[in-house]
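Trainee: Quick one, structure for this:
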Amino acid sequence: MQVVFVSNYFNHHQLSFCDALYELLEGSFCFLQTQPMEEERVKMGWQAEERPYVRYVQADGTTTDGPEWQNLLLTADVVIFGGCDDESYIRERLAAGKPIFRYNERLYKEGQWKAISPRGLLQKYKDHTRYRKAPVYFLCAGAYVPCDLGIIHAYPEKMLRFGYFPETREYAPGEPFSRKKKGSILWAARMIDWKHPELVVKTAAYLKEHLEEIPFHITMIGGGELEEEVHSLAEELGVTDKITFAGFRSPEEVRAAMEESEIYLVTSDRKEGWGAVVNEAMNSGCAVVTDHMIGAAPWMIRQRENGILYHDGCEQQLQEYVAELLQDPAECRRLGEAAQQTVRTEWNARTAAERLVRLSREMGFLAGDPGTGPAEPALCAGDQCLPAPSVPLLWTDGPCSPAPVIPERRMYRYLTERNKEDRT
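Mentor: So this is what the prediction gives:
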């Protein structure tokens, strides 16, 4: 087996990426699911279709339709390890010094102050820092992963931009823009504290007060522990006529709603490690307005080129940006078209899979042009390993390009200044 992808469960956010790997590697790929999916996510439609390359770990340690997982993970040319906290799956491979691409979101979603915990630092050393010289690399699912890893001095020069890659849809020229409803705004998420659904209701109140002559309507898809509170806030602010609460919808229904909406709002805070709705909304031609602290935003969105970033927690900025788009339909359309182009040409599953395979071959981990064949294992693991192959600079942006280490407190300024420089 050339590549094995280990994760807690197989879902629709991984489906397209795994399909692409399976095709590119001519079947020499498998996905190892380590646990059943939670019932809540199954109800939300997260469970992906069955695929021939998916195997499930059984209680006795064997996998469905294949060898024991220990042997599978040790003999594969490359292992992608992400979304699973049980390090025992890769312990033997790490000890053997064989290539691993870790694939995960940021370490400190609640705040980097957590890095001061001695117990936490010891665990991070065991899981990450000790392998800084080994052939262990990090696929960063979010722009804030590198600065978190930098705190613990892990993966120097071995961190790569990555993310989640839901289905990329191909549209005929002019689509789906012909289906978009004038003044339509969409939000889709669970109604929980760090998704901040209350900001959407407050935005509706602002728009109703300041844009009396411009029609708009907001659809909020989702439910959760704050649902009643959000409904009450809408009544209190007098915007029940401006908001439709649609409840939970399947992923397919959410995509259909995106295709009919001009503007998509992402109000999550730093706890949103990636945010695959950004990929989906951009692919659907929406002008995305998002909090800058979610993981996907800094890498997928260039300020006012293919979307808009508002500073984390700045309610007024969010409201003013949405108002600007409603007042300028041509700009809204331009951003939506540019967003669609970004996903179609770079931030998609096929590109991510092709680049990862090429990178693995260039580094000698996989056989096939232009590589030299599967890499020989290191003599030993951890700090005592021979230096791991360096990462070649094949791309400057998008999946598998070097992930810059930018302190989170400087990120918003970096993003706005970067785009000013790009335009000069």
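Trainee: In three-state terms, how would the residue lying closest to residue 319 once chain neighbours are set aside be classified?
Mentor: Nearest residue to residue 319 in three dimensions, chain neighbours excluded: residue 206, at 4.1 Å (C-beta to C-beta, 6 or more residues apart in numbering). Backbone N, C-alpha and C define where each C-beta goes, glycine included. Using DSSP: H, G, I helix; E, B strand; the rest coil, the structure places residue 206 in helix.
Trainee: Pretty sure residue 206 sits against residue 323.
Mentor: Yes. Contact criterion C-beta atoms under 8 Å: residue 206 and residue 323 qualify, at 7.2 Å.
Trainee: picking that back up, how much space between the residue nearest to residue 319 and residue 315?
Mentor: Distance, residue 206 to residue 315, using C-beta to C-beta, to the nearest Å: 9 Å.
Trainee: Neighbour count: these two, which is higher?
Mentor: Using other C-beta atoms under 10 Å as the criterion, residue 206 and residue 315 rank with residue 206 on top: 19 against 16.
Trainee: for this structure, what helix or strand is lowest in average pLDDT?
Mentor: The weakest-scoring helix or strand in the chain, judged by mean pLDDT, DSSP states H and E, is helix 39-43 (a mean of 57).
Trainee: residue ranges of the strands in this protein, please?
Mentor: Along the chain, the segments classed as strands by DSSP state E run 3-7, 29-33, 54-56, 78-81, 100-104, 136-140, 159-161, 184-188, 217-221, 243-247, 263-266, 287-291, 308-310.
Trainee: Kindly calculate the angle that the fifth one makes with strand 136-140.
Mentor: Here strand 100-104 runs at 30 degrees with respect to strand 136-140, directions being taken by axes from the mean of the first three to the mean of the last three C-alpha atoms, to 10 degrees.
Trainee: where does this structure have low pLDDT?
Mentor: The chain contains residues with pLDDT under 70 at 37-48, 58-67, 369-386, 419-424.
Trainee: repeat that with 80
Mentor: For the chain, the stretches flagged by pLDDT under 80 are 1, 36-49, 58-69, 83, 85, 368-387, 419-424.
Trainee: quick one, domains of it?
Mentor: 3-165+348-406, 177-345 (automatic domain parsing).
Trainee: Out of those domains, which gets nearest to residue 418?
Mentor: Closest approach to residue 418 among those is made by domain 177-345 (7.7 Å; C-beta to C-beta).
Trainee: measure the closest one end to end?
Mentor: Distance between the two ends of domain 177-345: 19 Å, counting by C-alpha to C-alpha, to the nearest Å.
Trainee: any idea which helix is longest in this protein?
Mentor: Using DSSP state H to define each element, the chain has its longest helix at helix 329-345.
Trainee: Kindly calculate the angle that that helix makes with strand 287-291.
Mentor: Per the same axes, to 10 degrees, the angle that helix 329-345 makes with strand 287-291 is 80 degrees.
Trainee: So which bits of helix 329-345 are buried?
Mentor: Across helix 329-345, burial judged by 16 or more other C-beta atoms under 10 Å covers 332-333, 335-336, 338-340, 342-344.
Trainee: Pick the one among those closest to residue 146.
Mentor: Distances from residue 146 to these, taken by C-beta to C-beta, are shortest for residue 342, at 20.7 Å.
Trainee: separation between that closest one and residue 292?
Mentor: Residue 342 is 17 Å from residue 292, where distance means C-beta to C-beta.
Trainee: Which residue ranges of the stretch 301-424 of the chain form helices?
Mentor: Per DSSP state H, counting those that start in this stretch, the stretch 301-424 of the chain carries helices over the ranges 315-327, 329-345, 349-362, 411-423.
Trainee: next one: the third one to chain centre, how far?
Mentor: Chain-centre distance of helix 349-362: 17 Å, with C-alpha atoms, centre = their mean, to the nearest Å.
Trainee: Same check on stretch 93-112?
Mentor: Relative to its chain's centre, stretch 93-112 lies at 15 Å (C-alpha atoms, centre = their mean).
Trainee: okay, now residue 91: neighbour count?
Mentor: Using other C-beta under 10 Å, residue 91 has 13 neighbouring residues.
Trainee: Correction: the previous question concerned residue 252.
Mentor: 11.
Trainee: got it, and residue 114?
Mentor: 14.
Trainee: which residues sit in contact with it?
Mentor: Listed by C-beta atoms under 8 Å, 6 or more residues apart in numbering, the contact set of residue 114 reads 108, 120.
Trainee: Contacts only, for the closest residue to residue 145 other than its chain neighbours.
Mentor: Leaving aside its sequence neighbours, residue 145 sits nearest to residue 106 (C-beta to C-beta, 6+ apart; 4.8 Å). By C-beta under 8 Å, 6+ apart, the residues touching residue 106 are 142, 144-145, 148, 273, 295.
Trainee: Looking at these, which are in helices?
Mentor: Among the contacts of residue 106, the residues falling in helices (DSSP H) are 145, 148.
Trainee: Derive a PyMOL selection command for the buried subset of the contacts of residue 106.
Mentor: Only the buried entries of the contacts of residue 106 go into this PyMOL selection, using 16+ other C-beta under 10 Å:
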select buried, resi 142+144+145+148+273+295
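Trainee: Output the contacts of residue 106 as a markdown table; include the columns distance to residue 31.
Mentor: As requested, those are exported to a markdown table (distance: C-beta to C-beta, whole Å):
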| residue | distance to residue 31 |
| --- | --- |
| 142 | 21 |
| 144 | 26 |
| 145 | 22 |
| 148 | 26 |
| 273 | 20 |
| 295 | 22 |
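Trainee: so which of the contacts of residue 106 comes closest to residue 260?
Mentor: residue 295 (26.5 Å).
Trainee: Quick check: nearest residue in space to that closest one, chain neighbours excluded?
Mentor: Using C-beta to C-beta, 6+ apart, the closest residue to residue 295 is residue 142 (2.4 Å).
Trainee: Residue 186 now?
Mentor: residue 261 (3.9 Å).
Trainee: mind checking how far that neighbour is from residue 350?
Mentor: 25 Å.
Trainee: Show me which of the two is the more surrounded one.
Mentor: A side-by-side neighbour count of residue 261 and residue 350, using other C-beta under 10 Å, places residue 261 first with 28 against 16.
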